[in-house]
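> Only the shape, not the letters, is given here:
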């Protein structure tokens, strides 16, 4: 039974979640063509007419050599105009708009080599988390706010939302996750070339997952702030309030457990042990009334960090997923993240 406050928060969450009326239920697709477009061993698309086997084989191979899966050719065309950084994404797609990576640069006056790459939530607009970047500046930390694949300026004309990053196309979702991680690492390259050595990542929701995988595969990242956490990429998609239009498309094609396996290659659970032996300053943030990253899944992350004896701090928000962006929770969240960054970079 939910208490009075929990019922109030649930109603508020659902009101905020239903503001958007442009959610589309797209058809289920295996997307093996997206996996075969990657420079990585995989079976031919629809091998022997069994797409499920093809995806499973690809994921097994990618997990066995995730360093190679998240590898990339160095970027040669960084362009900084004003405060906008652009470059050609090392991961090419069939959508020209998405092949140019975008980031907003917010240098602090005396940052002492401290910088944070900021990754907003799924479907964030071009101004998402700009306020957070400026708050980091006030703490003496520079910030690079990166646009993830298929978002904002990178969104193909035929889409109204960032549907191609998280969708019922299994292979394309894997491809998009890899692209965003690789683009983060390309941003690390740019910052390192500018002399930044005290470097962190801060991601919210989908951005948290991308930031986690980038930190797991790039030891130059010394701090990770993961705002809303889940062990498996598939769990928030399958059970979350904000992704019901996506999960509906899986009915009759794959189960929750199968989707966990297929998307394990873009799941934090697969890379937790890569943090062992590293001095990675980590802040895990979760919300008690989260309707997208359900608390049961966030607690699994906290338990795994404890079991693996990974150094970390925890901050709990007394709200939900959508309400994190509302006052006063947005202020509590922002201050907690900035204080942690100031103390640990």
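Yes, it's here. Worth saying up front: this structure is predicted, and the values here are computed from it rather than measured.

> Pull the number of nearby residues for the closest residue to residue 156 other than its chain neighbours.
Spatial nearest neighbour of residue 156, chain neighbours left out: residue 95 (4.5 Å); criterion: Cβ to Cβ, 6 or more residues apart in numbering. The way it works is simple: take the backbone N, C-alpha and C, and place the C-beta from them, glycine included. Using other Cβ atoms under 10 Å, residue 95 has 16 neighbouring residues.

> give me every residue that touches residue 95.
150, 156, 164 (Cβ atoms under 8 Å, 6 or more residues apart in numbering).

> Now that we have the residues you listed, which of them are buried?
Neighbour-count burial (16 or more other Cβ atoms under 10 Å) applied to the contacts of residue 95 gives 150, 164.

> can you give me the helices in the stretch 101-250 of the chain?
130-138, 170-193, 206-217, 234-239, 244-247 (DSSP state H, counting those that start in this stretch).

> can you list the residues that contact the fourth one?
Contacts with helix 234-239, where a contact means Cβ under 8 Å, 6+ apart, come from 166, 230, 243, 246-247, 250, 256, 259-260, 262-263, 267, 292-294, 297.

> quick one: which of these has the most company?
Of all these, residue 230 has the most neighbours under the rule other Cβ under 10 Å, reaching 29 neighbours.

> Let me see the domain layout of this protein.
35-64, 82-344 (automatic domain parsing).

> worst average pLDDT in these?
Comparing mean pLDDT over the domains of the chain, the weakest stretch is domain 35-64, at a mean of 79.

> Okay, buried residues for that domain please.
35-38, 42-43, 45, 51, 54-55, 57-59, 61-62.

> deepest of the helices of the stretch 101-250 of the chain, which one?
Highest mean neighbour count of the helices of the stretch 101-250 of the chain: helix 206-217, a mean of 27 (counted as mean count of other Cβ atoms under 10 Å).

> So what angle separates the directions of that one and helix 170-193?
60 degrees (axes from the mean of the first three to the mean of the last three Cα atoms, to 10 degrees).

> who's in contact with helix 206-217?
By Cβ under 8 Å, 6+ apart, helix 206-217 touches 66-67, 70, 117-122, 124, 148, 165-166, 177, 180-181, 184-185, 188, 201-203, 221, 224-230, 233, 266-268, 271-272, 274-275, 280.

> quick one: which helix or strand includes residue 54?
Under the criterion of DSSP states H and E, residue 54 resides in helix 51-64.

> Please name every helix or strand in contact with that helix.
helix 32-36, helix 170-193, helix 256-262 (3 or more Cβ pairs under 8 Å, 6 or more residues apart in numbering; DSSP states H and E).

> one more time with 6 Å
helix 32-36 (3 or more Cβ pairs under 6 Å, 6 or more residues apart in numbering; DSSP states H and E).
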